[in-house]
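> kindly generate the corresponding structure for this input.
(one chain, ligands or ions: 1)
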Amino acid sequence: MTDPKRPLFHWFVDCSTGKELVLALYTLPCRYARCVFCSLPSLAEGGDRVRPQDIDAQVDWILSHYDKTQLDQVTKVSVYTAASTLDQKCLPTRSLMYLLLKVCDLPALKLLSLETRPEYVEDWELRMLSEVLGEGIQVEAAIGYETHDPHLRNTVLKKGLTEKSLRMLMERLSSHQGALKAYVMLKPHHSLTEQGGVDEAIHGLDHLHGLGQEFGVPVSIHLNPTYIAEGCALTDELVAAGYEPPELTSVIRVAEESIQRGMPLYAGLDDEGLALKGGTFQSTGLDAERAVAAILSFNRHQDVARMKREAGA
Ligand code: SF4
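Numbers count the residues shown, from 1 in each chain. Coordinates of the predicted model:
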């Protein structure tokens, strides 16, 4: 049985602005739970036993792993659950407040990133977050955009993200000087060829870039080369269709397009242990170890030419 006072995981990692503290909290599972590519809700199984006090204890437990010198370097705090951080049924407002009060005085903090479905981002919450964090610390909503084609996104993958809810989110972020991080899946379905997957991702970049310009909201991209995750609704279908996960050369191409549009990009190469054996990205024509190292390093420096040189691409 999972201990309700322990988080899912936590990381202290390099990011493009310095050090990032990642808190992945154990809460009630995602109440939407319909996205066919997602196995996250299973990570939070039994989480309905978690009380707000338990979540406070998870926050304290995570922070106890880092000393003052480390915490003083944190420029970005990212909060994840296996649900939505702004769904108050999963992460109660008092627990979010507890977390905010623990991190708002970190001297180098510039960005608080909250992973959530857009429909949970409310006006009063953004106002409260800005007021507690104070000037100079921006709030970022990190949402699963996944893919550009609405049919693929909402009918096939069952994401349930409409243009209307995306625009409403942008409007809210705009009025609170917030930022958007969009998770984009590279080649999210077996119906896409390798080139089709790249084109689809680039259409998504254009769409998100356009929204960012229209609403005056900074947009960054988190690109996930799709992997075959264990235990999700799409797993058997991908395996039966002989789905081949995307190539690292495609990751590099999409990263280049994103930087050309002025949108920082982070390539998520870690499947967090959720992928089937052999179900992650491919590296045809590249030295896999070298290419992975080059992309991970790009996540920090954002220099495309250097990434290509280091990857031998
Ligand atoms: S992708 Fe997000 S919204 Fe969809 S089921 Fe997974 S946790 Fe829920």
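> pLDDT weak spots in the stretch 151-300 of the chain?
Applying pLDDT under 70 to the stretch 151-300 of the chain flags no residue at all.
> all helices of it, in order?
For the stretch 151-300 of the chain, the helices defined by DSSP state H, counting those that start in this stretch occupy 163-175, 194-215, 235-240, 248-260, 288-301.
> right, and those - which one's nearest residue 18?
For residue 18, the closest of the helices of the stretch 151-300 of the chain is helix 288-301, at 9.4 Å, according to Cβ to Cβ. Where you see a C-beta, it was placed from the backbone N, CA and C, and this is true even at glycine.
> who touches the closest one?
Residues from elsewhere that reach helix 288-301 (Cβ atoms under 8 Å, 6 or more residues apart in numbering): 14-16, 248, 251-252, 255, 266-267, 269, 283, 304, 306-313.
> return the most buried member of the helices of the stretch 151-300 of the chain.
helix 248-260 (a mean of 21; mean count of other Cβ atoms under 10 Å).
> and it, how far out from the chain middle?
Its chain's C-alpha centre and that of helix 248-260 lie 17 Å apart, by Cα atoms, centre = their mean, to the nearest Å.
> only alpha carbons, please: show that helix as PDB.
This file holds the C-alpha atoms of helix 248-260, laid out as PDB (Å, rounded to 0.1, in the frame of the first residue of the first chain):
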ATOM      1  CA  LEU A 248      15.700  11.200 -32.600                       C
ATOM      2  CA  THR A 249      16.400  13.000 -35.900                       C
ATOM      3  CA  SER A 250      12.700  14.000 -35.900                       C
ATOM      4  CA  VAL A 251      13.000  15.300 -32.300                       C
ATOM      5  CA  ILE A 252      15.900  17.400 -33.500                       C
ATOM      6  CA  ARG A 253      14.000  18.700 -36.500                       C
ATOM      7  CA  VAL A 254      11.000  19.800 -34.400                       C
ATOM      8  CA  ALA A 255      13.300  21.400 -31.800                       C
ATOM      9  CA  GLU A 256      14.900  23.500 -34.600                       C
ATOM     10  CA  GLU A 257      11.400  24.600 -35.800                       C
ATOM     11  CA  SER A 258      10.400  25.600 -32.300                       C
ATOM     12  CA  ILE A 259      13.500  27.700 -31.700                       C
ATOM     13  CA  GLN A 260      13.000  29.400 -35.100                       C
END
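> and the residue of the stretch 201-313 of the chain found nearest the ligand, how many neighbours?
Relative to the ligand, the nearest point of the stretch 201-313 of the chain is residue 232 (8.6 Å; Cβ to the nearest ligand atom). Neighbours of residue 232 under the rule other Cβ atoms under 10 Å: 19.
> can you tell me the closest non-neighbouring residue to it?
Excluding the flanking residues, the one nearest residue 232 by Cβ to Cβ, 6 or more residues apart in numbering is residue 39, at 4.3 Å.
> from residue 210, how far off is the one you found?
To residue 210, residue 39 is 32 Å away according to Cβ to Cβ, to the nearest Å.
> let me know whether stretch 134-147 sits next to the ligand.
Yes. Contact between stretch 134-147 and the ligand, assessed by Cβ under 6 Å from any ligand atom, occurs at residue 144.
> show me what counts as buried in that stretch.
For stretch 134-147, the neighbour count (16 or more other Cβ atoms under 10 Å) marks 137, 138, 139, 140, 141, 142, 143, 144, 145, 146, 147 as buried.
> just the residues you listed: which are in strands?
Among the buried residues of stretch 134-147, the members falling in strands (DSSP state E) are 138, 139, 140, 141, 142, 143, 144, 145, 146.
> closest to residue 191 out of the residues you listed?
Closest approach between those and residue 191, by Cβ to Cβ: residue 146, at 14.4 Å.
> show me the contacts for residue 57.
Residues counted as contacts of residue 57 (Cβ under 8 Å, 6+ apart) are residue 5.
> how close does it sit to residue 51?
9 Å.
> what's the answer for residue 174, then?
Using Cβ to Cβ, residue 174 is found at 35 Å from residue 51.
> go on, residue 90?
Remark: distance between residue 90 and residue 51 (Cβ to Cβ) = 13 Å.
> among those two, which residue is more densely surrounded?
Shown here are residue 90 and residue 51; by other Cβ under 10 Å, residue 90 has more neighbours (25 against 12).
> which residue is the nearest non-sequential neighbour of that one?
Nearest one to residue 90, counting by Cβ to Cβ, 6+ apart, is residue 83 at 3.9 Å.
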